[in-house]
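S.K.: need a 3D model of the sequence below.
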Amino acid sequence: MTTGAVSVISGGSTGIGLAVAQRLAADGGRIAILGRHPEALELAGLAVEASGASGALTIVADVTEEAEVAEAFRKIGAKWGEVHALVNAVGPSGAGRFDDLSDDAWMRTFDQGVLTAVRCIRHALPLLRRAAWGRIVNITAMSVQHQSTGLIAYTAAKAALVSVSKNLSRTLAKDDILVNAVAPGPVLTMPIRAAVRAARGDQDDPRDAYRVMAETYGSSVDLGRVALPSEVAEIVAFCASAANTYMTGAHLNVDGGSDFT
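M.R.: Next up is the predicted model:
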């Protein structure tokens, strides 16, 4: 339990990020969510409060913009004065094969997949250093270890985020700030739901969703189903909590048995 801990989730209005926010809220945490869309943020804030948060703050911010990130963390600092955990859950939109991707697409994917986390970490660090303990968790992807030809830019960005995470774990060890990365396999979030719906599968059934992903994209998961966001959130929440006292620099697979490399 980390009652009262201040956690910031970038990309926390939907999907894995929202599930993490709800899981940390269930421990009585104070939760700040950063996202671009006001309507989604409003719903996320209600969900987080219903999950048990002792305080919730939703901030409209495009984390590809330095000034908006700076302002978001200024607001968090003004409200709580410290941050115990930062979770970077923004996902890049860089699907596509090599021949299909322009320089602009590559740059956009790396901005979304790496630099959004870098910006948030930069502005969170003063607040993390003020807290009694500090944790950073970056969400990567199974494709870092199990390459997909249709996700080359996405996977390259996530691989760069792994490198940033491991380097920061050493850089921040002197501050007792633990930095880890979590690599989900296929998760029943909006993009997968859309793909399953397009294939006329059952988007609410993790096993049927996996069938579609396997047939359409070659996904391979030993457990024979996709994950629920809450299953990934459990692992992220541990990494982001005071209960994690000695693990740093790790890259944890939450993939249902998908790492074959």
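S.K.: so where's the longest helix in the chain?
M.R.: Determined from DSSP state H, the single longest helix within the chain is helix 152-171.
S.K.: for the most centrally placed residue in the chain, what are phi and psi?
M.R.: Central residue of the chain (C-alpha atoms, centre = their mean): A89, 2.0 Å from the mean position. Backbone geometry at A89, expressed as degrees, to the nearest 10, gives phi -120, psi 10.
S.K.: could you check how far it is from L101?
M.R.: 23 Å (C-beta to C-beta, to the nearest Å). C-beta: built from backbone N, CA, C; applies to glycine.
S.K.: quick revisit: residue contacts, the residue nearest to the centre of the chain?
M.R.: I9, S10, G11, G12, G15, I16, G17, V20, I139 (C-beta atoms under 8 Å, 6 or more residues apart in numbering).
S.K.: can you do 10 Å?
M.R.: Shown in contact with A89 (C-beta atoms under 10 Å, 6 or more residues apart in numbering): 9-21, 33-35, 116-117, 137-139, 182, 184, 232-233, 236.
S.K.: among the residues you listed, which are located in strands?
M.R.: Residues of the contacts of A89 located in strands (DSSP state E): I9, S10, I33, L34, G35, V137, N138, I139, V182, P184.
S.K.: of the residues you listed - the most surrounded one?
M.R.: I9 (32 neighbours; other C-beta atoms under 10 Å).
S.K.: can I assume that residue is in contact with L34?
M.R.: Yes - shown here, I9 and L34 form a contact pair, counting by C-beta atoms under 10 Å, at 7.1 Å.
S.K.: need the residues touching each of those two.
M.R.: G17, N88, A89, V90, C120.
S.K.: of those residues, closest to T248?
M.R.: N88 (15.6 Å; C-beta to C-beta).
S.K.: since that was my last question, I'll sign off now.
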